[in-house]
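What would the 3D arrangement of this be:
(2 chains)
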Amino acid sequence: MLTLRNVTKTFNRGTVNEKPALTGVNLHLAAGDFVTVIGGNGAGKSTLLNMIAGVFPLDLGTIELDGEDVSRLSEHQRAKNLGRVFQDPMRGTAADMQIVENLALARRRGEGRGLSWGTSREEREEYARQLATLDLGLESRLSSKVGLLSGGQRQALTLLMATLKKPKLLLLDEHTAALDPKTAAKVLELTGRVVEEHRLTTLMVTHNMNDAIRLGNRLIMMHEGNVIFDVSGDKKSQLRVGDLLQKFEEVSGGELANDRMLLS
Amino acid sequence: MSLALLGAVSQGILWGIMVLGVFITYKMLDIADLTVDGSFALGGCVAAVASVSLGLDPVASVLLGTMAGIVAGLVTGCLHTLFDIPAILAGILTQIALWSINLRVMGKSNTPLLNVDTVFTRVAGILGVSQPVATMLVGLAIAAVVIALMYWFFGTEIGSAMRATGNNEDMCRALGIDVRVTKLIALAISNGLVGLSGALICQSQKYADIGMGTGAIVIGLAAIVIGEVLGRLVPGGIHAFGSRLTSAVVGSVVYFLIRAIVLQLGLDPNDMKLLSAAIVAIALVVPVMVERGQLRRSYSKGGEL
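Numbers count the residues shown, from 1 in each chain, chains lettered A, B, ... in the order given. You can find the predicted model right below:
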């Protein structure tokens, strides 16, 4: 489904602030793969997702999505095939617009937008049904402004928006990191359910090693801009947090991984 | 006095169409688009020349003025979206360029509309009413049509995408919306309305002047702010989109009424711009100060929250 070949990105090239973010990443995701991505700060996890989404242009390499070379496409062009949820709950929704308007915008992802009415009556009913599955009571608040919702509600809504039109690839960039533990657990549970239900190919960045092990069928660990550990299937389900920590220590030369990971 | 006030109301309604244009950029895209000063005068100058030199029908002249405004908006839009020039600077560049263009269009700094038909004289003739009354009726009709069209347009798919652009560009890109296109369209529509307003003002005052757009953006912001303040006085406040647009036009009428009254009271007309700027500044300062005051007062050293 997704093939990255020699994907390379250096920020601020040629300046004192030069920072190699990705150093020739090769990665292949089969259709239906649910891959969790872990790694320390600055390992290139978010950059990896941003490169796939087209936020920054590539320095080198190619990105292929479902057989199509998307390397040169801009962010909004690639959006046709991608569902995205960001770390910041504010980034995924339009605060001054109604819940139903946000969903209607998402429903038309990658489609031409014309002069027909922004939301049809049938759509409203469908959205109410879909919102009911979130179990947050949002189905009765279709016309509320999204800005009135809590961070967790907004993130759950963003997840629904990302999958309302089935994407070929779902990109989750630490989408529970900004939420309180209880809400995070809820959004994560929802994530697992949605991915399962639609059999979505998914890349999920997380800082939480337990989550990374528990969810998905494959786990990759990144360090200094490349994939250093890639495990799937039974091997993955037998992983322990201790194994991952040990792996981290190996690559970082004895230094322990950052504290957020230790604590989680 | 009553005639002066009637004139002020008509003027306020015609300028209100410009305010609707400013509303699109300022309230929906969060851009203070300084093109407005230039495109307002452009609309007036083009309409005047179209009537006087080309001998066009007054309605065609007004449409031409509108088109000219749209083009001006597209220029600012291209500078901003294609070449990443900050919106405010892109607007200033177009505005300055338009000063010279407007002089070129007219060939002089002032074009009187003597002995030519205007949409207002025509309507006055058809309905058999006086010209001030016709001006008000035409203004009301056009403002109502513009508000209705805007209400429809911003409810459509593309219109929703434009509102979303002003809200959250990251989200827009993730949902496949090309924010360059939405901004470009918004700037074009906005300045089209500004050009339309300039053309109508030119026909109502029977001349176009190179300086007629100076300070238009500040008048636009003042009118929006006054409209919002008045909206808060309505029980429950004003939230619906149509009401917000209407309140912007009402704000414009109130602005020109205030202006007429203070001029009657003996204010030097040259001080009017100072007053406009003060109105906008106060309106922007007050909410900030109120919030700061609330934060400061909510602090307590101990005890119960």
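
Can you check the pLDDT for residue A:256?
Residue A:256 is assigned a pLDDT of 51 by the prediction.

what's across from the residue nearest the centre of chain A in the sheet?
The centre of chain A sits closest to residue A:172, judged by C-alpha atoms, centre = their mean, with a distance of 1.3 Å. Judged by DSSP bridges, the bridge partners of residue A:172 are residue A:85, residue A:204.

One more: residue A:34?
In beta-bridge terms (that is, DSSP bridges), residue A:34 pairs with residue A:202.

follow-up on the earlier one: any idea how far the residue nearest to the centre of chain A is from chain B?
12 Å (C-beta to the nearest C-beta, to the nearest Å). For every residue, glycine as well, the C-beta is placed using N, CA and C.

Was I right to think that residue contacts residue A:191?
Yes - with contact defined as C-beta atoms under 8 Å, residue A:172 reaches residue A:191; the gap is 6.7 Å.

which neighbours do these two share?
residue A:204 (C-beta atoms under 8 Å, 6 or more residues apart in numbering or on different chains).

on that earlier part again, wait, what's in contact with the residue nearest to the centre of chain A?
The contact partners of residue A:172, taken as C-beta under 8 Å, 6+ apart, are A:84, A:85, A:191, A:202, A:203, A:204, A:205.

between these, which is closest to chain B?
residue A:84 (4.6 Å; C-beta to the nearest C-beta).

burial of the closest one, as a residue count?
Neighbour count for residue A:84, taken as other C-beta atoms under 10 Å in any protein chain shown: 30.

ok, now which ones touch it?
A:49, A:53, A:92, A:162, A:170, A:171, A:172, A:173, B:174.

Tell me the spacing between the closest residue to residue A:92 other than its chain neighbours and residue A:76.
Excluding the flanking residues, the one nearest residue A:92 by C-beta to C-beta, 6 or more residues apart in numbering or on different chains is residue A:158, at 3.3 Å. Residue A:158 sits 17 Å away from residue A:76, taking C-beta to C-beta, to the nearest Å as the criterion.

same question, residue B:209
43 Å.

re earlier: distance to residue A:143 and pLDDT added to the contacts of residue A:84, as TSV?
TSV is the format used below for the contacts of residue A:84 (distance: C-beta to C-beta, whole Å; pLDDT from 0 to 100):
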residue	distance to residue A:143	pLDDT
A:49	33	96
A:53	30	96
A:92	19	94
A:162	22	95
A:170	28	96
A:171	29	97
A:172	28	96
A:173	29	95
B:174	23	95
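
Which pair of the residues you listed spans the longest distance?
Farthest-apart pair in these is A:49 and A:92; separation 13.6 Å (C-beta to C-beta).

The two: which is more packed in?
Legend: neighbour count by other C-beta under 10 Å for residue A:49 and residue A:92, higher for residue A:92 (26 against 22).

Give me the phi and psi for that one.
Dihedral angles of residue A:92 (phi, psi; degrees, to the nearest 10) stand at phi -90, psi -10.

Show me which residues of chain A are close to chain B?
Residues of chain A lying close to chain B (C-beta under 8 Å from any C-beta of the partner chain) are A:53, A:74-77, A:79-80, A:82, A:84, A:86, A:90-97, A:101, A:104-106, A:108-111, A:113-119, A:161.

In helices only, show me those.
Per DSSP state H, helices hold the following members of those: A:53, A:75, A:76, A:77, A:101, A:104, A:105, A:106, A:161.

Would you list the buried entries among those?
Listed as buried from these are A:53, A:75, A:76, A:101, A:104, A:105, A:106, A:161; burial here means 16 or more other C-beta atoms under 10 Å in any protein chain shown.

which one of the residues you listed sits closest to residue B:14?
residue A:101 (32.3 Å).

Do I have it right that that closest one meets residue A:117?
No - Residue A:101 lies out of contact with residue A:117 (C-beta under 8 Å); the separation is 11.3 Å.

now the helices: where do they sit in chain B?
Counting by DSSP H, the helices of chain B are B:2-23, B:35-52, B:58-81, B:87-106, B:119-127, B:131-153, B:157-167, B:169-174, B:179-205, B:216-233, B:241-264, B:272-297.

who does the least confident helix or strand in chain B by mean pLDDT touch, helix- and strand-wise?
Counting by mean pLDDT, DSSP states H and E, the weakest-scoring helix or strand in chain B turns out to be helix B:272-297, with a mean of 84. Other helices and strands packing on helix B:272-297, by 3 or more C-beta pairs under 8 Å, 6 or more residues apart in numbering or on different chains; DSSP states H and E, are helix B:216-233, helix B:241-264.

buried sites along the last one?
Right, helix B:241-264. B:243-260.

same question, the first one
By neighbour count on 16+ other C-beta under 10 Å, the buried set for helix B:216-233 is B:216-228, B:231.

Tell me the one among those residues nearest to chain A.
residue B:228 (14.5 Å).

Might one say that that closest one is in contact with residue B:251?
Yes - Residue B:228 is within contact range of residue B:251, at 7.3 Å (criterion: C-beta under 8 Å).

Tell me the residues on chain B that lie near chain A, please.
B:153, B:155-161, B:163-164, B:166-168, B:170-179.

Contacts only, for the nearest residue to residue B:194 once chain neighbours are set aside.
Closest residue to residue B:194 apart from its sequence neighbours, by C-beta to C-beta, 6+ apart: residue B:21 at 4.3 Å. Residues near residue B:21 by C-beta under 8 Å, 6+ apart: B:36, B:69, B:189, B:190, B:191, B:192, B:193, B:194, B:197, B:220.

Over to residue B:30?
Residue B:30 neighbours (C-beta under 8 Å, 6+ apart): residue B:166.

Got phi/psi on it?
Torsion angles, degrees, to the nearest 10, at residue B:30: phi 60, psi 40.

Per-residue confidence, the residue of the stretch 1-150 of chain B found nearest chain A, what does it come out as?
Nearest to chain A in the stretch 1-150 of chain B, going by C-beta to the nearest C-beta, is residue B:28, at a distance of 9.3 Å. Per-residue confidence (pLDDT) for residue B:28: 94.

my guess is residue A:6 contacts residue A:64, does it?
No - at 12.0 Å, residue A:6 does not count as touching residue A:64 under the criterion of C-beta under 8 Å.

and residue 111, what does it touch?
If you meant another chain, say so; for now it's chain A. A:80, B:176.

wrong one, I was asking about chain B
B:45, B:48, B:49, B:52, B:207, B:208, B:209.

Any idea how many residues pack against the nearest residue to it once chain neighbours are set aside?
Of all residues beyond its chain neighbours, the one nearest residue B:111 is residue B:48 (4.2 Å), with distances taken as C-beta to C-beta, 6+ apart. Residue B:48 has 28 neighbouring residues, counting by other C-beta under 10 Å.

same question, the one 3 residues further on
Here the count is done by other C-beta under 10 Å, and residue B:51 has 26 residues near it.

Touching, it and residue B:114? I think so.
No - taking C-beta under 8 Å as the definition, residue B:51 is not a contact partner of residue B:114, at 10.4 Å.

show me where pLDDT drops low in the stretch 1-150 of chain B?
Within the stretch 1-150 of chain B, the stretches with pLDDT under 70 are B:1.

can you rerun that using 80?
For the stretch 1-150 of chain B, the stretches with pLDDT under 80 are B:1-3.

got a markdown table for the contacts of residue A:84, with distance to residue B:280 too?
Below are the contacts of residue A:84 laid out as a markdown table (distance: C-beta to C-beta, whole Å):
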| residue | distance to residue B:280 |
| --- | --- |
| A:49 | 43 |
| A:53 | 40 |
| A:92 | 34 |
| A:162 | 40 |
| A:170 | 46 |
| A:171 | 43 |
| A:172 | 44 |
| A:173 | 40 |
| B:174 | 35 |
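
Which residue is the nearest non-sequential neighbour of residue 251?
All of this refers to chain A. Nearest residue to residue A:251, sequence neighbours excluded (C-beta to C-beta, 6+ apart): residue A:223, at 4.8 Å.

actually chain B
Closest to residue B:251 by C-beta to C-beta, 6+ apart is residue B:227, at 2.8 Å.

now swap in residue A:134 and tell me
In space, residue A:134 is closest to residue A:156, 5.1 Å off (C-beta to C-beta, 6+ apart).
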